[in-house]
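>>> Give me a model of this one.
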Amino acid sequence: HKKFPLKYLVGIMMGACFIANLVFHIKGLNFSIVFLIFVVFGTTEMAIVSLMDSMAMQYINSGVIINYSACRGVGSITYAVTCLVLGQATNRWDTGFLIPLHTILILLYLVAVVTFPTHRAPAVAKNRTELAQTSSFGAILRGNSRYTLYLIALMILFSGYMGIFTFMADVVVRAGGDNGNLGTALFIYSVSQTPMMLFLFPILKKKYPAQHLLLFSSVAQAIHCICLYAAASPMQIYLAQALEMFAFGLYIPSSVYYMNEVVLPADRVKGQTLAMTSTNLGATIGTAIFGVVIERFGVNAMLLGGNGMIIAGVLLMTLAFKK
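Down below sits the predicted model:
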């Protein structure tokens, strides 16, 4: 929106998330209420990622020097430490302390985002492309077949990837692990992304096109999930998780820069939203499908099916980049 800064939209969404989280404090909630709370979390807390990416791109496109990949790297470090600490904490106590902790973190986030500097358009003259009205989502998809095919590839790839990631606890148990091992596995998953985001990506993006980096990260994702299927102990899961440096660690910054290149300047916020929608839709489909697969056929079938969808997504992404 030209007059309503993104940070205030994000603040309103997280305010709704905070209210939903307060309801979580009520004891004896039935499944329907908990389901609705998670719907609110999904449409607020989980949905703001594309808006945060767009805020970063607004500054970068205005000439402000921001090491975007380093910013995401800081997020990965924080996530890694959180997983490690909470994995051990839930082994010692129950999960009840997570809800008040979540409340505190939402409040801290609200303070941070509201006090973030408001984006201002540069004083220099703008070209006509930048002043153009934004296109509808349908127009963006119809007018950019390469980007549309890329979004479909993302949806398929993340159906497999998030189908596996959502049930990582089952994968760890299958290999003989517990909650502590799960926390360690998630710690390695996240902290391994940090060197890529902080140091390697700024170098790689100067040498290689964003689409090549995206394709490499997708292939690495497939290899990572194949290694998870072959893992027979928590240690082998840890080794597989380390591959995330070349997988998700490379995917996150590459995808944002790729979108910034292939979508018109006026449509960049919507382009980020479409990419996040594709990944979230894929995650939704994968979680729904592989939850049933685990119940009926077991973890091995879930891993095989997830790997198959990831490989299909990689192949489709290759076709998209050849267009």
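>>> what ranges do the helices span in the stretch 201-323 of the chain?
For the stretch 201-323 of the chain, helices defined by DSSP state H, counting those that start in this stretch occupy the ranges 201-207, 210-230, 234-241, 248-262, 268-297, 299-322.
>>> Single out the most deeply packed of the ones you listed.
A comparison of the helices of the stretch 201-323 of the chain by mean neighbour count, using mean count of other Cβ atoms under 10 Å, puts helix 248-262 on top with a mean of 22. Any C-beta I mention is one placed from the backbone N, CA and C, and that applies to glycine too.
>>> tell me the SS of residue 29?
Following DSSP: H, G, I helix; E, B strand; the rest coil, the label given to residue 29 is coil.
>>> quick one, phi psi at it?
Main-chain dihedrals, residue 29, degrees, to the nearest 10: phi -70, psi 140.
>>> what's around it, how many residues?
14 (other Cβ atoms under 10 Å).
>>> so what's it up against?
Residue 29 sits next to 23, 37 when contact means Cβ atoms under 8 Å, 6 or more residues apart in numbering.
>>> how close does it get to residue 90?
20 Å (Cβ to Cβ, to the nearest Å).
>>> cool, residue 5 as well?
38 Å.
>>> Likewise for residue 153?
Counting by Cβ to Cβ, the gap from residue 153 to residue 90 is 36 Å.
>>> Compare the two and say which is more crowded by neighbours.
Per other Cβ under 10 Å, whichever of residue 153 and residue 90 has more neighbours is residue 153, with 25 against 18.
>>> Which helix or strand contains the more buried one?
helix 145-166 (DSSP states H and E).
>>> any idea which helix or strand comes after the helix-or-strand element of the chain with minimal mean pLDDT?
Counting by mean pLDDT, DSSP states H and E, the chain has its least confident helix or strand at helix 128-131, which shows a mean of 44. Using DSSP H and E, the helix or strand that follows helix 128-131 towards the C-terminus is helix 137-143.
>>> what about that following helix, average pLDDT?
Mean pLDDT, computed over helix 137-143, is 80.
>>> could I have it exported to CSV, CA atoms only?
Presented in CSV, the C-alpha positions along helix 137-143 are these (Å, rounded to 0.1, in the frame of the first residue of the first chain):
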residue,chain,number,x,y,z
PHE,A,137,-2.3,-11.8,-8.7
GLY,A,138,-3.9,-13.4,-11.8
ALA,A,139,-2.2,-10.9,-14.1
ILE,A,140,1.2,-11.7,-12.6
LEU,A,141,0.7,-15.4,-13.1
ARG,A,142,-0.6,-15.0,-16.6
GLY,A,143,2.0,-12.6,-17.7
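>>> just checking, what packs against that helix?
The contact analysis (3 or more Cβ pairs under 8 Å, 6 or more residues apart in numbering; DSSP states H and E) places helix 137-143 against helix 145-166, helix 268-297.
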